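# Take this sequence and fold it.
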Amino acid sequence: MSYNTFRETLVAFAEELEKVLNVFEVFLKTHDINYARELPFLLTRTGMVFHGEFTEYSHSVLARSLLEAGSKVRERVGIMEERGVTSEDLEYFRDIYNVFMHIYLSIKSGEYEECFHKMMEKRETGKRVKGDLS
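Numbers count the residues shown, from 1 in each chain. Model (predicted):
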């Protein structure tokens, strides 16, 4: 596993995530359901594109988070299409946006990668300790 390769994957992921966040922002400003309709596709596509790459690093949580969000947003959009957009819907979308914006900013700052490598070192140390019978 190469740190550069993981870094490159994170950078590419952040670029795609930024596109998703931009659509969230437009929806949250305009309340135009047409933008909300785009989000399940964007979230799911981004999750699918990166799932394999992150799985190679035993770190599929980012991709799986997008896949799950895509599914939940799809459900919510269906409800919104029936009854219109409510303040609760906007709060729901804002919460999802905030989670992914936090992830995006931590990737851009390098914090995410740093924490990932610390976690992987702890995993490796734990494996050595468990396997050490001396």
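# what about His102, neighbour count?
One way to gauge burial is a neighbour count; for His102, by other Cβ atoms under 10 Å, it gives 11. No exception for glycine: its C-beta is placed from N, CA and C like everyone else's.
# Distance of it relative to Glu111?
10 Å (Cβ to Cβ, to the nearest Å).
# ditto for Glu53
With distances taken as Cβ to Cβ, Glu53 is found 20 Å from Glu111.
# OK, contacts around Thr9?
Neighbouring residues of Thr9 by Cβ atoms under 8 Å, 6 or more residues apart in numbering: Phe50, Glu53, Phe54, Tyr57.
# Repeat that for Tyr112.
Contacts for Tyr112 were tallied using Cβ under 8 Å, 6+ apart; they are Leu10, Ile103, Ser106.
# can you tell me the helix or strand for Leu17?
Assessed by DSSP states H and E, Leu17 sits inside helix 3-30.
# After that helix, which helix or strand is next?
The C-terminal neighbour of helix 3-30 among helices and strands, as given by DSSP H and E, is helix 33-56.
# Flag every buried residue along that next one.
Neighbour-count burial for helix 33-56, counted by 16 or more other Cβ atoms under 10 Å, picks out 35-40, 42-44, 46-47, 50-51, 53-54.
# Closest to Met120 out of those residues?
Proximity to Met120 was ranked across the buried residues of helix 33-56 by Cβ to Cβ; first place goes to Phe54, at 12.7 Å.
# And Arg123, what's its pLDDT?
Note for Arg123: predicted pLDDT of 81.
# and it, how many neighbours?
For Arg123, the tally of surrounding residues (other Cβ under 10 Å) stands at 11.
# how about it, secondary structure?
helix (DSSP: H, G, I helix; E, B strand; the rest coil).
# Next one: it from Ser60, what distance?
According to Cβ to Cβ, Arg123 and Ser60 sit 14 Å apart.
# again, but for Phe13
In this view, Phe13 and Ser60 are 12 Å apart by Cβ to Cβ.
# anything in contact with each of the two?
Taking Cβ under 8 Å, 6+ apart as the criterion, Phe13 and Ser60 both touch Phe54.
# still on that earlier bit, nearest to Val20, out of the buried residues of helix 33-56: which one, please.
Taking Cβ to Cβ as the measure, Leu42 is the one of the buried residues of helix 33-56 closest to Val20, at 4.7 Å.
# That'll do, ta.
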